[in-house]
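I would like the atomic coordinates for the input below:
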Amino acid sequence: MEDKASKTEDATPKKLQDAKKKGQIAKSGDLNGAGSFFVFTIFFIGLANYLFQNSFNYIKGSLGRTPPTSEITESFLRNIFIDDLLQYLVILLPFFTVAIAVGIITNLIQVGFIFTTETLKPNFKKINPIEGFKNIFSKKSFLTLIKNLLKMILVFYLTYKTLSTEFVKILNSGNIGTEKLFPFFIEFIKTVSIDIAIVMFLLGMMDYVLERQEWKKNLRMSKQDIKDEYKQMEGDPHIKGKRQQRQREISMGRMMEDMKDSTVVITNPTHLAVVLRYETGVDKAPVVTAKGADHLAKRIREKAKEYKIPIIENKPLARTMYKRVEIGDTVPMELYQAIAEVLALVYEMERKNKGKI
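Next up is the predicted model:
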């Protein structure tokens, strides 16, 4: 096993992609919880009146329907329980729906949509008691414990701070009417919830940054790892094919770009196309800037029309140059006469076009 000290290089894109496929991703459960709680708090503030009114009406209704002791039966209690449960579900359903939705959205923002079965595969290390004992006393477990203790302390502190501020009001709450009691407690919960939500969100962001740093650190590679990965990719037919295709696309794009300053396209007329550039005083001899067969020949003709380059049909010359002259090379001397005739035709066409203007 390689020493961790030798893993000094950041993970390659392939290593990161492979890790994601295996479900090894950087995400913070604290940030998910903080996001849900934060939006839950905002939602609570917006629907506080709805919550108060429904709860108040429900309690009033419950107190008003209490029967004499002689009428309380098992069936009556069961119906009351089911009715109460449904009433509370109706009251709390919007809050739970929003909390679940925000948890899912926060998770998607962190890691995107990833479907993998790797995490479902049995891993005997997880049930190994020795490994489990090591994990209990690991650095990660210690940091998790510290984070949880910190969250508990902050929640208790914020609750205590609000309680100490509102203590007199709470003591006097028994002297106020029922209709004012709920708004008072809702306001108290809102104050505490906002403070806790902000702190949890900040802690969640910090936790995400730390988790991402740890994730990247665990995926670091040694120089030898990178060399081995490169060799593996070199031998992978799929990777090699994609790389060659990309090189062809780049080469074709460059070739099409070089056509802009060309003088003429010689065709045979549909299967072959050879592009020449000849600028008096610059080029010692005509230069082939592009050539292609079949589909590529069609692309060349389309680009020639776009760049307004003359297209001349000359089957023998097109075939000869396609076979004998590479892109970037000058045409051989034995073809000068045939090329000169083509260029003369091009210059004549240009002269006539200028005469029409």
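
how about low-confidence regions in the stretch 201-350 of the chain?
Where the stretch 201-350 of the chain drops to pLDDT under 70, the residues are 233-251.

those strands in it, which residues are they?
Using DSSP state E, counting those that start in this stretch, the strands of the stretch 201-350 of the chain run over 264-267, 272-277, 287-293, 311-313.

And the contacts of the first one?
Put plainly, it is strand 264-267. The set of residues external to strand 264-267 that reach it, using CB atoms under 8 Å, 6 or more residues apart in numbering, is 273-276, 297, 300-301, 304, 309-314, 317-318, 321, 342-343, 346. Using the backbone N, CA and C atoms, a C-beta is placed for each residue, glycine as well.

cool, and stretch 330-343?
Around stretch 330-343, the neighbours that count as contacts under CB under 8 Å, 6+ apart are 263-264, 266, 276, 278, 283-288, 312, 314, 316-317, 320-321, 324-325.

Just the buried ones from those residues, in ChimeraX syntax?
The buried subset of the contacts of stretch 330-343, as determined by 16 or more other CB atoms under 10 Å, is captured in ChimeraX by this line:
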select :263,264,266,276,278,286,287,288,312,314,317,320,321,325
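
Which among the contacts of strand 264-267 count as buried?
The neighbour-count test (16+ other CB under 10 Å) applied to the contacts of strand 264-267 identifies 273-276, 297, 300-301, 304, 309-312, 314, 317-318, 321, 342-343, 346 as buried.

Against Tyr157, how distant is Cys20?
Not quite, residue 20 is Lys, not Cys. Distance, Lys20 to Tyr157, by CB to CB, to the nearest Å: 38 Å.

And those two? Which one has more around it.
Taking neighbours as other CB atoms under 10 Å, Lys20 and Tyr157 compare with Lys20 leading, 15 against 12.

Which pLDDT value does the model give the more buried one?
On the pLDDT scale, Lys20 is placed at 73.

That one and Ala11: what is the separation?
From Lys20 to Ala11 the distance is 11 Å (CB to CB).

before we move on, what about Met349?
As judged by CB to CB, Met349 and Ala11 stand 59 Å apart.

higher neighbour count, these two?
Legend: neighbour count by other CB under 10 Å for Met349 and Ala11, higher for Ala11 (21 against 13).

can you count the residues close to the residue nearest to that one when sequence neighbours are not counted?
Closest residue to Ala11 apart from its sequence neighbours, by CB to CB, 6 or more residues apart in numbering: Leu219 at 4.0 Å. Number of residues near Leu219 (other CB under 10 Å) recorded here: 17.

pretty sure Leu219 contacts Ala19?
Yes. Between Leu219 and Ala19 a contact is recorded at 5.7 Å, counting by CB atoms under 8 Å.

Please enumerate the shared neighbours of these two.
Common neighbours of Leu219 and Ala19 (CB under 8 Å, 6+ apart) are Ala11.

how much distance is there from the longest helix seen in the chain to the middle of the chain?
Using DSSP state H, we find that the single longest helix of the chain is helix 178-218. Counting by CA atoms, centre = their mean, to the nearest Å, helix 178-218 is centred 25 Å from the centre of its parent chain.

same for the helix or strand containing Ile104, what does it pack against?
Applying DSSP states H and E as the criterion places Ile104 in helix 74-111. The helices and strands touching helix 74-111, judged by 3 or more CB pairs under 8 Å, 6 or more residues apart in numbering; DSSP states H and E, are helix 29-46, helix 48-64.

Which residues belonging to it are considered buried?
Per 16+ other CB under 10 Å, helix 74-111 contains these buried residues: Gln87, Ile91, Val98, Ala99, Val102, Gly103, Thr106, Asn107, Gln110.

and if you look at stretch 204-213?
Buried-residue list, stretch 204-213, by 16+ other CB under 10 Å: Gly204, Asp207, Tyr208, Glu211.

Would you mind listing the outside residues contacting stretch 347-357?
So stretch 347-357 is contacted by Pro310 (CB under 8 Å, 6+ apart).

which of the residues in it are buried?
Within stretch 347-357, judged by 16+ other CB under 10 Å, no residue is buried.

go on, stretch 152-159?
Here stretch 152-159 shows Leu154, Leu158 as buried, counting by 16+ other CB under 10 Å.
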